[in-house]
Structure formats: structure tokens, C-alpha cells
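S.K.: Show me the folded form of this:
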Amino acid sequence: MKQHYDAVVIGSGQGGNPLAGALAGSGRKTAVIEREHVGGTCVNEGCTPTKTMVASAKVAYLDRRSADYGVQNGPVSVDMMEVRRRKRDIVESFRAGSEQRLEYTENLDLLRGEARFTGPKELEVRLGGGETVQLTAENVFINVGARPGGAPVDGLDAVPTLDSTTVMELEEVPQRLLVLGGGYVGLEFAQMFRRFGSEVTVVQRGPQLLSREDADVAEAVAEILRQDGIEVLLRTEAQSVRQDESGGIQLTVSGPDGERALSGSHLLVAAGRPPNTDLLNLEAAGVETDERGQVKVNERLETNVEGVYALGDVKGGPAFTHVSYDDYRIIEANLLNGGDASIADRLVPYTVFIDPQLGRVGLSETEARERGHDIRVAKMPMSYVARALETDESRGMMKAVVDAGTGEILGCAVLGIEGGEIMAMIQIAMMGKLPYTALRDGMFAHPTLAESLNSLFATVEG
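M.R.: Here you go, the predicted structure:
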């Protein structure tokens with residue numbers, strides 16, 4: 001017997017979880033299927049645990065720097081077991097809250113198992129106990145996310161490696177950590193473990209870190225990491241890897257200066273995240289994917305199959321929690337409230353939680369010029385910001401792109417103390433279509449980071 005639902009949500013991530021609750025709350029009989037942990041990547045392996053550990057790493061960093069502030073302290077040591085315990089406690093607390101909300105929602109069934117399509121709106125779910133159930137639904141929502149990927153390096157399958165999940169379960173600080181990948185994930189872990197006490201080398205095949213950023217911003221990030229004692233290798237390709245007799249990792253790389261051998265105690269692979277579509281049997285549903293396996297959707301997040309939607313990382317695009325949550329809001333607005341919401345032209349902010357942070361929203365200078373905009377650029381080092389100097393964290397820079405004709409802000413990058421928060425202030429101005437002069441001439445409290453916007457936008461090129 002097939003169980004029929006008005007709606008089935010596959011995956012309980014930051015989009016699927018609230019969507020399931022909203023569907024059930026509207027009176028629709030709803031099922032949400034979760035094969036592992038309620039809450040998805042963000043709560044379990046992404047934002048929550050990593051930022052918890054980033055906070056621990058910053059305490060270690062400031063403790064070592066205490067003399068810079070006139071505070072004398074003794075040697076610093078890091079107890080990774082305690083760091084991990086703190087991380088696990090917070091994750092379990094967040095996860096438990098999500099589980100309770102699902103389990104006590106009327107009209108909602110939480111099925112713990114793995115789903116696969118057997119038809120356009122038909123699913124087979126293998127439950128944790130081994131039994132299977134057959135489901136049909138009026139609407140199906142795919143929110144299965146993505147997972148850590150590998151890298152095309154000879155010998156990689158034969159050596160022990162870490163990914164963005166397993167690296168947070170280490171019981172001891174690695175003596176020497178090698179990081180493959182200079183993206184957001186790789187850099188956050190590189191700096192984190194450097195602050196815990198590891199020697200760290202980042203291997204990036206491209207000409208700069210953070211390939212989506214302007215070259216000057218990326219170079220400023222690299223300089224901060226180098227100041228922290230991290231070795232950054234650009235234009236460097238990992239060729240092969242092996243494990244030596246003592247259990248260490250030997251990584252052979254090729255870069256501008258030729259071939260080189262790197263030795264490490266641990267190897268973190270942070271080179272991309274493929275979508276979790278390979279087990280869904282999407283062919284049976286007729287749902288189209290791209291060459292990477294990402295589900296194709298239109299501007300209302302519907303696939304080529306009517307009534308089947310995808311939200312979050314599985315559909316490609318920027319893989320951020322807030323994007324997944326906004327996807328939920330778009331579907332809710334359209335399906336439950338008769339709206340006409342779209343993902344077209346939405347502002348997508350993000351923050352890279354290195355320290356100091358990199359907050360970004362809108363167009364970079366490079367993107368604006370490529371699109372043919374007539375622009376002016378505002379740019380200023382964080383060493384011009386009084387609050388940054390007072391807190392002794394003046395590394396980084398601020399940069400904004402302004403439309404030369406209208407004066408509207410097209411985008412910004414804030415690499416500095418609380419860069420994500422300052423970026424959000426500029427984003428609010430962009431949402432309100434304020435001209436940059438409103439921030440240049442606005443009165444902000446002193447001494448705050450916000451008042452740096454006066455100085456930044458005073459540098460707009462004439």
C-alpha cells in the first residue's frame with residue numbers, strides 16, 4: 001500500500017525543515033524524510049560547529065597576543081577534546097530543537113530513512129530498520145544538500161584524509177596540516193588550526209585564494225594568513241600523495257618554482273562539494289540535472305517536472321544557509337500565499353569566517369566591469385578605522401563599487417574586524433537603493449565600526 005501525502009520534503013536542512021512546518025501548518029498532510037541528522041549541513045557539519053570552533057581558535061589567538069594589550073599571560077595550550085565537546089554540545093542542542101519542532105508539528109510525519117524516486121511523484125523510502133515504505137505526493141521538495149568532495153590526485157584514495165566533517169572530530173591538534181583548496185572552507189580551517197597550534201600549508205591551484213573575489217581583496221586575505229604563519233602556495237597543483245613508513249603524509253606538488261615535496265601529519269581535502277543527487281534515482285522522476293549533478297530549477301525553484309521543486313545547495317549556486325532559507329521563503333510565498341516571488345536578481349550576501357572576517361554582497365569590481373557598468377570605486381585600508389586601531393585588529397581593507405550615474409551601491413567587500421556586520425549595513429542601503437552619499441554623510445556613533453562608512457565613501461573616485 002502506498003501512503004499518499006499532499007507534500008513530501010526530502011531532507012531536513014535549513015530550507016526543508018521550515019518548509020515542512022509551513023506546509024503542515026497550512027493543513028497539508030506532509031512528510032519530511034531525513035537519512036541522517038535533522039538540521040542538515042548547517043547545524044551538523046557546517047555553520048554551527050565550524051563557527052563554534054572558530055571562536056575557540058580566536059580565544060587561543062588572543063591569549064597568545066595578550067602581551068600586545070599589556071596583559072601578561074603564561075604558555076597557551078589547546079585541549080582539542082574539550083574544543084570538540086563544546087562543539088558537540090552546541091550542535092546537539094540545535095539539532096534537538098529542530099527535531100522537537102518537527103516531531104510535535106500536527107499533520108507532519110518525520111521519516112528517518114533514505115529516499116529514492118520510483119516515478120515523477122512517487123518515492124520509496126528505506127527506513128533505518130531496513131523496511132521500506134512507498135509514498136506518493138502532490139508536491140515533492142528536494143533539499144538533500146551536498147557533501148565534501150575529493151580531488152583528482154594520484155594516490156589520494158590510498159592515504160588517510162580529512163574532510164570538512166572529520167577534521168572537526170580530531171582528538172589532538174595536528175602537528176602539520178596540509179590543506180588542498182583555497183576556498184572558504186579550506187581557509188577557515190587553515191587559520192583555525194594554525195591558531196590551535198598546527199603548522200599549516202594551503203595548496204591552491206588557481207592564481208589567487210577565493211577565486212570569486214577581486215584580486216586585491218584575495219591578496220589581502222593571503223597576506224593576513226601569511227602574517228598568521230600559514231604557508232600559502234598559489235598556482236600550485238597537487239600531483240601525487242603517499243603515506244610514509246611513520247604514517248606521515250608526503251604530498252608532491254608542482255608550482256611556479258617547479259616540483260616540491262610537502263610533509264604533513266594530516267591532509268585536509270577542501271576542494272568542492274558535489275550534490276547528494278546520485279542516490280535519488282532522479283531519472284525515474286524525469287528530473288533534469290546539470291553536468292555536476294545539480295538539480296535544474298526555474299526562477300520559482302520548480303524543476304522541469306511540474307510539482308517537483310529543489311531548494312538549497314542541491315540546485316547549485318552559492319551554497320549558503322541563508323540562500324537555502326530564502327529558497328524556502330520563496331516557495332512558501334508562491335505555493336501557500338499566492339505570491340510571485342523569484343530568485344532572480346536577489347542580493348546574496350556572505351561572510352568568510354576567517355579572522356578578521358570577509359563580508360561580501362553584490363558585484364565585485366571585476367564583475368561590474370565585465371557587465372559593462374560605468375562605476376566608481378571606494379577603497380580604504382582598515383588601518384584608517386579608529387575602532388580597528390583601538391582593538392588592535394587593523395588588518396584588511398574596505399571596498400565598494402558605485403554606479404557612476406545613479407550613485408547607487410552595486411556591491412562591497414569588507415575584510416576587517418566584524419566585516420560581515422559592516423557588510424550587512426551596506427547591504428541594507430543597497431536594498432533601499434540609497435545613494436552612497438547617504439552613508440558618506442550620515443552621522444554614526446563614535447567610536448564604532450559603522451562610522452568607517454563615512455570615510456570609505458568619501459574615497460569614491462571623482
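S.K.: switch to C-alpha atoms for all contacts and neighbour counts from now on
M.R.: Fine.
S.K.: How much space separates Tyr384 from Ser342?
M.R.: Distance check for Tyr384 against Ser342: by C-alpha to C-alpha, to the nearest Å, it reads 40 Å.
S.K.: If you could redo that for Glu92, that was the one I meant.
M.R.: Distance of Glu92 to Ser342, computed by C-alpha to C-alpha: 34 Å.
S.K.: follow-up on the earlier one: more neighbours, Tyr384 and Ser342?
M.R.: Ranked by neighbour count (other C-alpha atoms under 10 Å), Tyr384 and Ser342 place Ser342 first, with 17 against 14.
S.K.: Touching, the more buried one and Glu302? I think so.
M.R.: No: using C-alpha atoms under 8 Å, Ser342 makes no contact with Glu302, being 10.7 Å away.
S.K.: Now do the longest helix seen in the chain: which elements does it pack against?
M.R.: Scanning the chain for the helix with the most residues, using DSSP state H, yields helix 80-103. Where contact means 3 or more C-alpha pairs under 8 Å, 6 or more residues apart in numbering; DSSP states H and E, helix 80-103 is packed against helix 16-25, helix 40-44, helix 47-64, strand 108-119.
S.K.: which outside residues touch it?
M.R.: Applying C-alpha atoms under 8 Å, 6 or more residues apart in numbering, the contact partners of helix 80-103 are 17, 21, 37-39, 43-44, 48-49, 52-53, 56, 108-110, 168-173.
S.K.: Kindly give a single PyMOL line that selects the buried subset of those.
M.R.: Buried residues among the contacts of helix 80-103 (16 or more other C-alpha atoms under 10 Å), as a PyMOL selection:
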select buried, resi 17+21+37+38+39+43+44+48+49+52+53+56+108+109+110+168+169+173
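S.K.: Gly293 contacts Leu279, correct?
M.R.: No: Gly293 is beyond contact range of Leu279, at 10.9 Å (criterion: C-alpha under 8 Å).
S.K.: Looking only at neighbour counts, state which of these two leads.
M.R.: Legend: neighbour count by other C-alpha under 10 Å for Gly293 and Leu279, higher for Gly293 (17 against 10).
S.K.: ok, now how distant is the closest residue to Leu162 other than its chain neighbours from Thr459?
M.R.: In this structure, Leu162 finds its nearest non-sequential neighbour in Leu268, 4.6 Å apart by C-alpha to C-alpha, 6 or more residues apart in numbering. Using C-alpha to C-alpha, Leu268 is found at 41 Å from Thr459.
S.K.: Could you check which of the two has the larger neighbour count?
M.R.: Using other C-alpha under 10 Å as the criterion, Leu268 and Thr459 rank with Leu268 on top: 21 against 16.
S.K.: What is the subsequent helix or strand relative to the helix or strand where the more buried one lies?
M.R.: Leu268 belongs to strand 266-269 when assigned by DSSP states H and E. As assigned by DSSP H and E, the chain's next helix or strand after strand 266-269 is helix 282-285.
S.K.: helices or strands up against the helix or strand just after that next one?
M.R.: Per DSSP H and E, the first helix or strand lying C-terminal to helix 282-285 is strand 308-310. On a contact count with 3+ C-alpha pairs under 8 Å, 6+ apart, strand 308-310 meets strand 132-142.
S.K.: So in the protein, where's the weakest helix or strand by average pLDDT?
M.R.: helix 40-44 (a mean of 93; mean pLDDT, DSSP states H and E).
S.K.: what distance separates it from the centre of its chain?
M.R.: Mean-position distance between helix 40-44 and its chain equals 11 Å (C-alpha atoms, centre = their mean, to the nearest Å).
S.K.: again with stretch 178-197
M.R.: With C-alpha atoms, centre = their mean as the basis, stretch 178-197 stands 14 Å off its chain's centre.
S.K.: contact partners of that stretch?
M.R.: 53-54, 57-58, 60-61, 77-78, 164, 173-175, 177, 200-205, 209-211, 225, 228-230, 238, 264-271, 352-354.
S.K.: May I have it as CSV, with CA atoms only?
M.R.: The C-alpha trace of stretch 178-197 is given here as CSV (Å, rounded to 0.1, in the frame of the first residue of the first chain):
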residue,chain,number,x,y,z
LEU,A,178,48.2,20.3,4.6
VAL,A,179,45.1,21.9,3.1
LEU,A,180,44.1,21.2,-0.5
GLY,A,181,41.9,24.1,-1.6
GLY,A,182,42.0,27.8,-1.1
GLY,A,183,38.2,28.4,-0.9
TYR,A,184,36.0,29.4,2.0
VAL,A,185,36.1,26.1,3.8
GLY,A,186,39.8,25.5,3.4
LEU,A,187,40.8,28.9,4.6
GLU,A,188,38.6,28.8,7.7
PHE,A,189,40.1,25.5,8.8
ALA,A,190,43.6,26.6,7.9
GLN,A,191,43.5,29.6,10.1
MET,A,192,41.6,27.8,12.8
PHE,A,193,44.2,25.0,13.2
ARG,A,194,47.1,27.4,12.9
ARG,A,195,45.7,29.2,15.9
PHE,A,196,45.3,25.9,17.7
GLY,A,197,49.0,25.4,17.1
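S.K.: Give the buried residues for it.
M.R.: For stretch 178-197, by 16+ other C-alpha under 10 Å, it's 178-197.
S.K.: what pLDDT, on average, does it get?
M.R.: Stretch 178-197 carries an average pLDDT of 97.
S.K.: next one: stretch 216-231
M.R.: Rounded mean pLDDT across stretch 216-231 is 98.
S.K.: Can you name the residues in contact with that stretch?
M.R.: Against stretch 216-231 from outside (C-alpha under 8 Å, 6+ apart): 190-191, 194, 199-202, 208-211, 232, 395-397, 413, 415.
S.K.: let's see it at 6 Å
M.R.: Contact with stretch 216-231 is made by 200-201, 209, as judged by C-alpha atoms under 6 Å, 6 or more residues apart in numbering.
S.K.: same thing with stretch 276-288?
M.R.: By C-alpha under 6 Å, 6+ apart, stretch 276-288 touches 116-120, 144-146, 296.
S.K.: same thing with stretch 332-349?
M.R.: 299-300, 330, 360-361.
S.K.: Name the SS class of Gln239, please.
M.R.: Per DSSP: H, G, I helix; E, B strand; the rest coil, the local secondary structure of Gln239 is strand.
S.K.: So for it, what's the pLDDT?
M.R.: 97.
S.K.: Repeat that for Gly462.
M.R.: Listed pLDDT for Gly462 reads 63.
S.K.: which residues does the closest residue to Thr161 other than its chain neighbours form a beta bridge with?
M.R.: What sits nearest to Thr161 in space, not counting adjacent residues and going by C-alpha to C-alpha, 6+ apart, is Leu267, at 5.2 Å. Leu267 forms beta bridges with Leu178, as assigned by DSSP bridges.
S.K.: Quick check, central residue of the protein?
M.R.: Closest residue to the average C-alpha location of the chain: Phe320 at 4.7 Å, with C-alpha atoms, centre = their mean.
S.K.: So it versus Thr351, what's the distance?
M.R.: Counting by C-alpha to C-alpha, the gap from Phe320 to Thr351 is 10 Å.
S.K.: Could you tell me how many residues sit around Gln72?
M.R.: Gln72 has 11 nearby residues by other C-alpha under 10 Å.
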